[in-house]
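Enquirer: Here you go, sequence then predicted model.
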Amino acid sequence: AQKITQTQPGMFVQEKEAVTLDCTYDTSDQSYGLFWYKQPSSGEMIFLIYQGSYDEQNATEGRYSLNFQKARKSANLVISASQLGDSAMYFCAMRATGGFKTIFGAGTRLFVKA
Amino acid sequence: GAVVSQHPSWVICKSGTSVKIECRSLDFQATTMFWYRQFPKQSLMLMATSNEGSKATYEQGVEKDKFLINHASLTLSTLTVTSAHPEDSSFYICSATGGTWAEAFFGQGTRLTVV
């Protein structure tokens, strides 16, 4: 069975500083993808970044980077130079390669302080 | 990126009535669509998976007679909450994929309130 664990219900970060949101996962699949989504108060799910299980390099997308440690089964999201607009819920998610079913973690609410 | 449009964004209905929520892929053919339910301050819970032209696959514990899903075309899936009750009040969100398994695009969500 697949499982995503996000142990930080809430996080605070000062504007312009970096923050790491934790995500660990469990799966018996050999090939899978890991995702991070942002959900602002409006409710829409915004795709941030993707990491394939066989990708050797950590994924980066602008201010977002994914710290992928396969042996530890962790896929932490790093947001650099936090902005006030980054305040939102962040979900870590996983999907098996070739499958379409996505499972989500419980989420972390990020608060960016001015 | 691809666009998925969900309508309505919010709806209030009386207990006992039915409500239909639409999910449209605007610029790609969605071979598979997913319907999620999200309670306040909680994660997304997958309700069902639908493939165009076939019956939806419901997750365990989801009443298929209460949450009717139709995926009649490659660009449209609908979720109908039948005989809605206050406990059905929630945020419902759809996502769609066009076959590139790594990408799934989400609609804006629908906030349903049953009074």
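Expert: Alright, I've got the coordinates. Numbering: from 1, shown residues only, chains lettered A, B, ... in the order given.
Enquirer: where are the low-confidence patches of chain B?
Expert: Residue ranges of chain B with pLDDT under 70: B:1-2, B:99-102.
Enquirer: Enumerate the residues of chain B near chain A.
Expert: B:1, B:32, B:34, B:42-44, B:46, B:49, B:91, B:93, B:95, B:97, B:101-109, B:111 (CB under 8 Å from any CB of the partner chain). Heads up, the C-betas are built off the backbone N, CA and C, glycines and all.
Enquirer: which of those are buried?
Expert: B:32, B:34, B:43-44, B:46, B:49, B:91, B:93, B:95, B:97, B:101, B:103-109, B:111 (16 or more other CB atoms under 10 Å in any protein chain shown).
Enquirer: Which residues of chain A lie near chain B?
Expert: A:33, A:37, A:42-47, A:50, A:52, A:91, A:95, A:97-107.
Enquirer: Point out the ones among those residues that are inside strands.
Expert: Taking DSSP state E as the definition of strands, these contribute A:Gly33, A:Tyr37, A:Ile46, A:Phe47, A:Tyr50, A:Gly52, A:Phe91, A:Arg95, A:Thr102, A:Ile103, A:Phe104.
Enquirer: farthest-separated two in these?
Expert: Based on CB to CB, the longest span within those runs between A:Ile46 and A:Gly52 and measures 19.9 Å.
Enquirer: Is B:Ile93 in contact with B:Gly109, as I believe?
Expert: Yes. With contacts counted by CB atoms under 8 Å, B:Ile93 reaches B:Gly109, the gap being 4.1 Å.
Enquirer: Can you pull the poorly scored residue ranges out of chain A?
Expert: Applying pLDDT under 70 to chain A picks out residues A:98-99.
Enquirer: in stretch A:14-25, what counts as buried?
Expert: For stretch A:14-25, burial by neighbour count (16+ other CB under 10 Å) applies to A:Val19, A:Leu21, A:Asp22, A:Cys23, A:Thr24, A:Tyr25.
Enquirer: Look up the residues forming beta bridges with the fifth one.
Expert: Taking DSSP bridges, one obtains A:Thr5, A:Ser74 as the residues bridged to A:Thr24.
Enquirer: quick one, what contacts the closest residue to A:Cys92 other than its chain neighbours?
Expert: With sequence-adjacent residues excluded and distances taken as CB to CB, 6 or more residues apart in numbering or on different chains, A:Cys92 is closest to A:Cys23, at 3.5 Å. Residues in contact with A:Cys23 (CB atoms under 8 Å, 6 or more residues apart in numbering or on different chains) are A:Ile4, A:Thr5, A:Gln6, A:Leu34, A:Trp36, A:Ser74, A:Ala75, A:Asn76, A:Leu77, A:Cys92, A:Gly105.
Enquirer: just to revisit the earlier point, out of the residues of chain B next to chain A, which are inside helices?
Expert: Under the assignment DSSP state H, the residues of chain B next to chain A contribute nothing to helices.
Enquirer: Return the subset of these lying in strands.
Expert: Residues of these located in strands (DSSP E): B:Thr32, B:Phe34, B:Leu44, B:Leu46, B:Thr49, B:Phe91, B:Ile93, B:Ser95, B:Thr97, B:Phe105, B:Phe106, B:Arg111.
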